[in-house]
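# Predicted model and sequence below, questions to follow.
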Amino acid sequence: MWSFRDWHRKRILARFAIEPTVWQRVLDSLPILDGLTAEETERLYQRSILFLHAKRITALAGVELQTEDRLRLAAQAQLPLLHLADLNWYQGFHEIVIYPGDFHSPQKHRDSAGVVHEWDGEHSGEAWLQGPVILAWPGVQESGAWEGYNLVIHELAHKLDMLNGDANGLPPLHRNMRIEDWAHTMQSAYDSLNATLDADPDADTAIDPYAAENPAEFFAVTSEYLFSAPDVLHEAYPEVYRQLASFYRQDPLMRLQQLQQSHPQYAEPH
Ligand code: ZN
């Protein structure tokens with residue numbers, strides 16, 4: 001059956017097609033995309049193009065974005081959604097604002113809808129309910145390796161969390177998942193991390209202690225680890241890994257282990 005939506009998508013993909021060599025450079029620069037199948041890579045390419053068409057990326061003074069920078073951002077934004085049904089998971093915002101550095105208080109930004117946002121503190125990212133996603137450029141540049149850090153995935157995980165209201169660490173789960181299992185698993189791991197830090201604020205925790213701030217940060221930080229250090233997350237919190245793998249419908253640990261078995265550069269633990 002002829003579908004306007006498919007026709008429209010095809011038109012966008014044709015109109016904004018990227019040179020294969022440029023896309024290949026994007027893939028080569030993001031180790032966390034290593035090991036994706038050809039089919040997954042093609043889907044990631046299409047969704048990245050559509051994402052850049054749907055969202056406005058605003059670079060503030062001091063940041064100059066090249067096509068490859070935009071594609072790197074889009075590809076990392078789309079990685080978590082790669083196996084989620086083709087619905088608009090990143091709804092409710094239209095703009096991603098790139099700051100030249102971590103931002104300090106007080107901050108003000110007028111988004112494309114004309115809403116002025118103000119906030120305090122020093123951050124490398126912010127995700128507003130019904131507002132833009134704000135990313136600091138150095139954090140974006142540091143993202144993409146298997147290093148347990150990914151600012152893009154972190155902030156966009158907040159957006160997934162906000163799909164059913166305030167950021168509280170509970171995104172809309174699939175029908176085959178149980179809220180009780182999710183809540184129990186996340187709460188136990190969160191409590192355990194907090195207990196460790198209460199006993200010793202300088203404790204060398206397995207994951208970034210920022211996850212102990214609140215349940216929303218726990219979800220965002222563990223989502224970051226799922227895609228950028230799945231081995232670390234799985235070892236520290238295997239049940240959290242399983243819940244997140246069910247939510248994102250991906251098994252990045254298996255992908256990483258296959259890379260470690262078959263690629264010499266992955267033979268050494270990262
Ligand atoms: Zn956060």
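Good, I have the coordinates.

# Checking my notes, residue 257 in a helix, right?
Yes. Assigned with DSSP: H, G, I helix; E, B strand; the rest coil, residue 257 falls within a helix.

# Please give me every residue in contact with it.
For residue 257, the contact set (CB atoms under 8 Å, 6 or more residues apart in numbering) comprises residue 231. C-beta coordinates here come from the backbone N, C-alpha and C atoms, glycine included.

# let's see it at 10 Å
Contacts for residue 257 (CB atoms under 10 Å, 6 or more residues apart in numbering) come out as 35, 230, 231, 234, 251, 266.

# Quick check: the gap between it and residue 33.
Counting by CB to CB, to the nearest Å, the separation of residue 257 from residue 33 is 16 Å.

# which among the contacts of residue 257 gets closest to the ion?
residue 230 (19.3 Å; CB to the ion).

# Spell out which parts of the stretch 101-250 of the chain neighbour the ion.
Taking CB under 5 Å from the ion, the part of the stretch 101-250 of the chain that reaches the ion is made up of 217, 220.

# For the ion, what's its nearest residue on the stretch 101-250 of the chain.
Distance from the ion to each residue of the stretch 101-250 of the chain (CB to the ion) is smallest for residue 220, at 4.4 Å.

# and that residue, that's in a helix?
Yes. Residue 220: assigned to a helix according to three-state DSSP.

# wait, doesn't it sit right on residue 186?
No. Counting by CB atoms under 10 Å, residue 220 does not reach residue 186; the two are 11.9 Å apart.

# Find residues that contact each of those two.
Joint contacts of residue 220 and residue 186 (CB under 10 Å, 6+ apart) are residue 169.

# picking that back up, mind checking which of the contacts of residue 257 land in helices?
Counted as lying in helices by DSSP state H, out of the contacts of residue 257, are 230, 231, 234.

# before we move on, which element is the most centrally placed residue in the chain in?
Centroid check for the chain by CA atoms, centre = their mean gives residue 153 as the closest residue, at 1.3 Å. Residue 153 is part of helix 151-161, with elements assigned from DSSP states H and E.

# just checking, what packs against that helix?
Other helices and strands packing on helix 151-161, by 3 or more CB pairs under 10 Å, 6 or more residues apart in numbering; DSSP states H and E, are helix 67-78, strand 95-99, strand 125-127, strand 133-136, helix 137-142, helix 215-228, helix 238-248.

# can you redo the ones you listed as TSV with mean pLDDT and mean neighbour count?
Converted to TSV, the helices and strands packed on helix 151-161 look like this (pLDDT from 0 to 100; neighbours: other CB atoms under 10 Å):
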stretch	mean pLDDT	mean neighbour count
helix 67-78	97	22
strand 95-99	93	22
strand 125-127	73	21
strand 133-136	91	24
helix 137-142	93	18
helix 215-228	97	25
helix 238-248	98	20
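
# Contacts only, for the closest residue to residue 176 other than its chain neighbours.
Distances taken as CB to CB, 6 or more residues apart in numbering put residue 246 closest to residue 176, at 7.5 Å, once the chain neighbours are dropped. Contacts of residue 246 were listed using CB under 10 Å, 6+ apart, and they are 173, 174, 176, 177, 178, 181, 182.

# Residue 142 now?
124, 136, 149, 150, 151.

# Can you tell me which of those residues lies closest to residue 191?
Nearest to residue 191 out of the contacts of residue 142 is residue 149 (CB to CB; 23.9 Å).

# do you know how far that closest one is from residue 213?
16 Å.

# the more surrounded of these two?
Taking neighbours as other CB atoms under 10 Å, residue 149 and residue 213 compare with residue 149 leading, 19 against 14.
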